[in-house]
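Visitor: okay, here's the prediction I keep looking at, along with the sequence it came from:
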Amino acid sequence: MQNEQLFPHSISMKDRSSLDLTGVKDVDKFDEDIVVIRTDYGKLTVKGSGLKVLSLDLNNEDKSVRIE
């Protein structure tokens, strides 16, 4: 059995108005009500209303997304 190196990720929320995530592999779905993010540890679903993906950078070292 081969040990797979998992890319670390973090989540930071400020005042329930912005969310920063690192370690993002991809964003599977996003609209005003739901954002589905894929990481090495599985899928992460963010639900709300009026959600906006402000930035997505899968090419930088952190592989980050910012949601408002």
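Guide: Good, I have the coordinates. Numbering: from 1, shown residues only.

Visitor: and G23, how far is that from E32?
Guide: Taking Cβ to Cβ, to the nearest Å as the criterion, G23 is separated from E32 by 24 Å. Glycine gets a C-beta too; all of them are placed from N, C-alpha and C.

Visitor: who's more crowded, those two?
Guide: More neighbours surround G23 than the other of G23 and E32, with 19 against 10 (other Cβ atoms under 10 Å).

Visitor: tell me the contacts of that one?
Guide: With contacts defined as Cβ atoms under 8 Å, 6 or more residues apart in numbering, the neighbours of G23 are F7, P8, H9, S10, T39, D40, Y41, D62, K63.

Visitor: one more: D26?
Guide: Neighbour list for D26: I37, R38, L58 [criterion: Cβ under 8 Å, 6+ apart].

Visitor: tell me if I'm right that the second one and V27 touch.
Guide: Yes - under the criterion of Cβ atoms under 8 Å, R38 lies in contact with V27, with a separation of 7.4 Å.

Visitor: more crowded one of those two?
Guide: Neighbours per residue (other Cβ under 10 Å) separate R38 from V27, with V27 holding more: 16 against 13.

Visitor: residue contacts, that one?
Guide: Under the criterion of Cβ under 8 Å, 6+ apart, the neighbours of V27 are V35, V36, I37, R38, V53, L56, V65.

Visitor: go again using 10 Å as the cut-off
Guide: Listed by Cβ atoms under 10 Å, 6 or more residues apart in numbering, the contact partners of V27 are L21, V35, V36, I37, R38, V53, L56, L58, V65, I67.

Visitor: between these, which is nearest V46?
Guide: The shortest approach to V46 among the contacts of V27 belongs to V35, at 4.5 Å (Cβ to Cβ).

Visitor: quick one: low-confidence parts of this protein?
Guide: With pLDDT under 70 as the threshold, the chain has low-confidence stretches at 1-3.

Visitor: of the contacts of G23, which belong to strands?
Guide: Counting by DSSP state E, the members of the contacts of G23 that fall within strands are S10, T39.

Visitor: pull out the buried members of the contacts of G23.
Guide: Neighbour counting by 16 or more other Cβ atoms under 10 Å classes H9, T39, D62, K63 among these as buried.
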